[in-house]
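**Student:** Structural data only, the sequence is not supplied:
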């Protein structure tokens, strides 16, 4: 006995079948957008960031911080490298902003960068250097900050066996004889400017000598050899010596009556003024997330740096203009300290 299907039933079933197939295809496409390719492959790859810094800072703590930052971003699947701009601070800043850049190019500036620019502006009354330094300062005020990587208080320390046990004793010695102590510093113009400020605020008459060393290790060796007997450096850079008790910290004085805390060295990343707002927001979120990452913070501390906190967007925006003014003030009193 044969069974024949009713044509009317076939016609009625076709629309329902087509709807079911269409629903299945749509649902499958939502879950697997491209057949035979994992859904992760459809995600746009992370753009490659380049973190630029001046050649004069390529061997200093700023370079260490940038390399650790780039390595951490790479481990998170966000490729990044460190680039070096030839020349000094003003040359590097002008070159960065006068060359076509993408939103993936970021410039690292530091407290040392601004101290160098302030020094260049006052090095001569006329000439190329002061004009270029002024232009660099102007360009920095127009840039868009996207992240603060580190902020490290300046620390005064002496060898553990030193007879000096307080900043008060140190300043009394300097009052009696300004050249009695030689300071070892590790942050060039910025540390020298702050040493001069410390001496001026303490009312010391005369010039205090200092020596500049490329690394904290070399500064510590100088103290051991007796060619210097006080070190002035960012706290994180001398932390190993403090923990090993080869150096002993002295509390930063409030001798100027204004209750100012120890000045801090810092490193900030800047984007070009043309960077789209959406990209700026993305970069700020990325670097805020990075500065909260425990592994990155530990890595930075191991490298002798102190990770920054979490400044507001307004705080980021105000840092460079405020510190440019501060660097100019400090530069006016550097005659109170002399490189030895």
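**Tutor:** Ah, there it is. Owing to the predicted nature of the structure, the values given are computational and were not obtained by experimental measurement.
**Student:** List the contacts of residue 233.
**Tutor:** Neighbour list for residue 233: 154, 155, 157, 184, 185, 186, 187, 191, 216, 219 [criterion: CB atoms under 8 Å, 6 or more residues apart in numbering]. Every residue, glycine included, has its C-beta placed from N, CA and C.
**Student:** Next, please give the residue ranges for the helices of this protein.
**Tutor:** 7-31, 61-75, 89-98, 111-123, 128-142, 167-176, 188-201, 216-225, 239-243, 277-291, 294-302, 313-331 (DSSP state H).
**Student:** Tell me which of these lies nearest to residue 53.
**Tutor:** The closest of the helices of the chain to residue 53 is helix 61-75. By CB to CB, the value is 5.8 Å.
**Student:** ok, residue 328 to residue 240 distance?
**Tutor:** Distance, residue 328 to residue 240, by CB to CB, to the nearest Å: 34 Å.
**Student:** Beta-bridge partners for residue 231, please?
**Tutor:** With DSSP bridges as the criterion, residue 231 is bridged to residue 157, residue 184.
**Student:** Count the residues that sit near it.
**Tutor:** When neighbours are counted by other CB atoms under 10 Å, residue 231 registers 26.
**Student:** cool, and the one 3 residues further on?
**Tutor:** Close neighbours of residue 234, defined as other CB under 10 Å, add up to 28.
**Student:** just residue 241 next, same as before
**Tutor:** Neighbour tally, residue 241, other CB under 10 Å: 22.
**Student:** Quick check: which ranges of the stretch 201-340 of the chain have low pLDDT?
**Tutor:** For the stretch 201-340 of the chain, the stretches flagged by pLDDT under 70 are 254-261, 333-340.
**Student:** Could you rerun that using 80?
**Tutor:** 201-202, 205-206, 214-216, 253-261, 302-306, 309-314, 329-340 (pLDDT under 80).
**Student:** what's near enough to touch the residue nearest to residue 156 when sequence neighbours are not counted?
**Tutor:** Spatially, and ignoring its direct neighbours in sequence, residue 156 is nearest to residue 250 (4.6 Å; CB to CB, 6 or more residues apart in numbering). By CB under 8 Å, 6+ apart, the contact set of residue 250 is 156, 157, 158, 164, 165, 166, 167, 170.
**Student:** I'd like to know which of these are buried.
**Tutor:** 156, 157, 158, 164, 167, 170 (16 or more other CB atoms under 10 Å).
**Student:** Need these in JSON lines (columns: pLDDT and distance to residue 79).
**Tutor:** Formatted as JSON lines, the buried ones among the contacts of residue 250 follow (pLDDT from 0 to 100; distance: CB to CB, whole Å):
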{"residue": "156", "pLDDT": "91", "distance to residue 79": "41"}
{"residue": "157", "pLDDT": "93", "distance to residue 79": "39"}
{"residue": "158", "pLDDT": "93", "distance to residue 79": "44"}
{"residue": "164", "pLDDT": "91", "distance to residue 79": "49"}
{"residue": "167", "pLDDT": "86", "distance to residue 79": "46"}
{"residue": "170", "pLDDT": "90", "distance to residue 79": "48"}
